[in-house]
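>>> here are the coordinates; sequence isn't available:
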């Protein structure tokens, strides 16, 4: 390669963003010694918001569109990106970000809830590109291999209760269960075709009088799979009413599990119908007032309470009393924060299925109730496309008890996500039917490929998967199967339209590879979950080859069961163009960790995923550039990771004990030790011998300085857009440590 190897580090949000102020200077200074450069690109929610509206900002406030630049870089063969967890923004989070930016003089436009003018519609359209998972579809131009790093797995087996909350026993009489729709859902209504040529198709709405409105034009490629489906709102409403009644009858918590952050168009209305069902009497009685003050159930109970502040005290108290009566009439709700009265239905981003369902499994089929105690829960997952995987593992645990971290096997995931594959790429092709009629997909010749009769407000969506993405996905599955010897399981349901088309391609592309010696299965998601549970209970391993959504669900579920957290996952995306994208962890951006830092100066974000991501990034450079110094650096990073785990130097949950900054110090210490002790690169040995001596000699002093920063509130002047000088001061609070690192 002609230019210096470069790692692109992403600036994101919340805990990983703050942790980077401490970690990034260490990484920069260390890898610089191996002639590797590190640059930063801003994909944070605030950064994306500012980049979308340069015309509203002063010249010195404008920022480059780093996400768009990354979208170009991932298509270059030498790209090497470390992507940290970022916020997949809901409307309330976006509005909070806008308010914070405006309070600091960055006058981006207000978010128009109900745009009326053409200008407001344009603003709303621009903000739609910032909402939800705006980042991943742009940069994930490859499929994904996610696994628990070996040192993490070994440590969890030795210390099963130290790396995350322990696995609780499942009572023999557990009433926990999963509920999903029996009709009218996306699964039932899905239709799928494989396209024979490259063209442009139209998504059209035809009303009952035959008037045609084009909703979207979509370019498609030869061989790609195109789906259309819808959820019946009438069936959804009936389903919610039945589940509320059933939860009350069985005396279990009602818990709703969606992913409104990622499925930013389809899931908020589903969430809103759950809010309407729970507060049915309240919405019927006060519908006129709610219309006047702009109540939108899609934004949750929290937004409703906020809007009530616009009313007179008497009216507000009347409605609040009616809401309280609904709480008493209906089943108890799963609580996000029982001390503060924050329920499952307070905001659409508070309960995210891939994080919430593993916790129910971990906690013995229980969830937190209004009394601050754990209770058996009804897990409501409306669409049955994927809900049966959770039903299967819940029933497995009811029969066989909790899993055992000291003996259970591991699950590697090969995820189909390249080129905006499947549901996670459906946002711009999702619509609520404006009236009764038909939504159809028509090709350039006028032929109808897919059509559905819909009723007003039904939620319709289209998904695409490129042929090249499936071909690469199958190749990855075979490669990982060959390298590990684990059974390879494609989680595909022949009775689901989309999966049926995929199965044809999987069978075709498997013929392109030598699969001798491989154990390969194609099973429905429920059967695949049953097989995988049996494997890991025996201490054996498995490879789950899944679509984009199940990739997300399984790479939280099994890591939380195996090692206590998904934040330590290694996620590697071999990009189709030849570069690499390494995603640090799968556990979100940890807002509660930030709250603890602001409250008492203690950040408990575990950066182990960032450590393993840097290792993968450096390994890519070592191989691609045939770099000896990068190989030495890689071995030293891996030693540092192992020693952090062996010595238990990860962040404590308690103030006054080791936190994120202390973990970074020990990682730097062990990393330097390995470089100082190795004999393969004399220049690195000499440089880091002095660094290691200084770090080791000052270990006690550095720890004292780091601990002294804890125990008091922290002011960084913002949450989504803090003062970076203040943030850096808090996160680099040991002058002794800083001086050693900065002198390298």
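Thanks, I have the structure now. As the structure is a prediction and not an experimental result, all values here were calculated from the model.

>>> contacts and neighbour counts: CA atoms only from here.
Will do.

>>> so which residues of the stretch 101-250 of the chain form strands?
Taking DSSP state E, counting those that start in this stretch as the test, the strands found in the stretch 101-250 of the chain are 144-147, 177-179, 191-194, 199-207, 212-220, 225-231.

>>> now the ones you listed in JSON lines, with mean pLDDT, distance to residue 443 and mean neighbour count?
JSON lines is the format used below for the strands of the stretch 101-250 of the chain (pLDDT from 0 to 100; distance: least, Cα to Cα, whole Å; neighbours: other Cα atoms under 10 Å):
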{"stretch": "strand 144-147", "mean pLDDT": "93", "distance to residue 443": "31", "mean neighbour count": "25"}
{"stretch": "strand 177-179", "mean pLDDT": "98", "distance to residue 443": "38", "mean neighbour count": "20"}
{"stretch": "strand 191-194", "mean pLDDT": "98", "distance to residue 443": "12", "mean neighbour count": "20"}
{"stretch": "strand 199-207", "mean pLDDT": "97", "distance to residue 443": "4", "mean neighbour count": "19"}
{"stretch": "strand 212-220", "mean pLDDT": "97", "distance to residue 443": "10", "mean neighbour count": "15"}
{"stretch": "strand 225-231", "mean pLDDT": "97", "distance to residue 443": "12", "mean neighbour count": "25"}
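
>>> and residue 391, which of those strands is closest to it?
strand 177-179 (5.2 Å; Cα to Cα).

>>> report all helices and strands that the closest one contacts.
Secondary-structure packing of strand 177-179 (3 or more Cα pairs under 8 Å, 6 or more residues apart in numbering; DSSP states H and E): strand 374-380, helix 387-400.

>>> okay, buried residues for the following helix or strand past the last one please.
Read in the C-terminal direction, the helix or strand following helix 387-400 is strand 411-415, with elements assigned using DSSP states H and E. Residues 411-415 are the ones in strand 411-415 that count as buried (16 or more other Cα atoms under 10 Å).

>>> tell me which of the helices and strands packed on strand 177-179 sits most buried.
strand 374-380 (a mean of 25; mean count of other Cα atoms under 10 Å).

>>> now do that strand, average pLDDT.
Mean pLDDT, strand 374-380: 98.

>>> re earlier: for the buried residues of strand 411-415, give me JSON lines that also has distance to residue 233 and pLDDT.
Below are these laid out as JSON lines (distance: Cα to Cα, whole Å; pLDDT from 0 to 100):
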{"residue": "411", "distance to residue 233": "36", "pLDDT": "98"}
{"residue": "412", "distance to residue 233": "36", "pLDDT": "97"}
{"residue": "413", "distance to residue 233": "33", "pLDDT": "97"}
{"residue": "414", "distance to residue 233": "33", "pLDDT": "97"}
{"residue": "415", "distance to residue 233": "30", "pLDDT": "95"}
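
>>> name the nearest of the residues you listed relative to residue 261.
Nearest to residue 261, judged by Cα to Cα, of the buried residues of strand 411-415 is residue 415 at 19.1 Å.

>>> looking at it, that closest one is touching residue 554, isn't it?
No. In this structure, residue 415 is not within contact of residue 554 by Cα atoms under 8 Å, at 9.9 Å.

>>> now the helices and strands packed on strand 177-179 in a markdown table, with distance to residue 55?
Formatted as a markdown table, the helices and strands packed on strand 177-179 follow (distance: least, Cα to Cα, whole Å):
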| stretch | distance to residue 55 |
| --- | --- |
| strand 374-380 | 44 |
| helix 387-400 | 44 |
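
>>> out of those, flag the one nearest residue 240.
Of these, nearest to residue 240 by Cα to Cα is strand 374-380, at 8.6 Å.

>>> how about the strands in the stretch 351-500 of the chain?
Under DSSP E, counting those that start in this stretch, the stretch 351-500 of the chain gives strands at 366-368, 374-380, 411-415, 430-432, 437-442, 448-454, 459-465, 488-491.

>>> pick the most buried one from those strands.
By mean neighbour count, with neighbours taken as mean count of other Cα under 10 Å, strand 411-415 ranks first of those at a mean of 27.

>>> what pairs with that one, parallel or antiparallel?
Here strand 411-415 has these sheet partners by DSSP bridges: strand 144-147 (antiparallel), strand 542-546 (parallel).

>>> so which of those strands comes closest to residue 435?
Of all the strands paired with strand 411-415, strand 542-546 comes closest under Cα to Cα, at 35.3 Å.
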